[in-house]
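Trainee: return atomic coordinates for the entry below.
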Amino acid sequence: MNKIKLYIEDAYQELVHKVTWPTWSEAQNSAVIVMIASLIIALIVLGMDSGFRFIMENLYKLAN
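Mentor: Below is the predicted model of the structure:
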């Protein structure tokens with residue numbers, strides 16, 4: 001039980017005294033970058049999915 005208490009105390013000390021937290025504007029800028037990247041990746045996946053569906057529909061039409 002003593003090891004767990006020591007671990008929690010050490011983790012707290014590290015978070016309070018050693019971690020450099022971003023400023024509010026840095027956090028906002030990072031969030032905007034993540035949102036833009038997520039949108040771009042979603043659009044790429046949408047394009048790939050639509051293209052694959054188009055190809056598969058035409059292959060099925062040729063097979064019938």
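
Trainee: going forward, measure contacts and count neighbours with C-alpha atoms only.
Mentor: Noted.

Trainee: need the longest helix for the protein.
Mentor: The helix that spans the most residues within the chain, counting by DSSP state H, is helix 24-63.

Trainee: what is the mean pLDDT for the helix or strand where K5 lies?
Mentor: Element membership for K5 (DSSP states H and E) is helix 2-17. What helix 2-17 shows for mean pLDDT is 93.

Trainee: what's the answer for stretch 28-43, then?
Mentor: 98.

Trainee: what helices or strands is the longest helix of the chain leaning on?
Mentor: Contacts defined by 3 or more CA pairs under 8 Å, 6 or more residues apart in numbering; DSSP states H and E place helix 24-63 against no helix or strand at all.

Trainee: now A11: how far from H17?
Mentor: A11 sits 10 Å away from H17, going by CA to CA, to the nearest Å.

Trainee: how near is A27 to I40?
Mentor: Taking CA to CA as the criterion, A27 is separated from I40 by 20 Å.

Trainee: same deal with K61?
Mentor: From K61 across to I40, the span is 32 Å (CA to CA).
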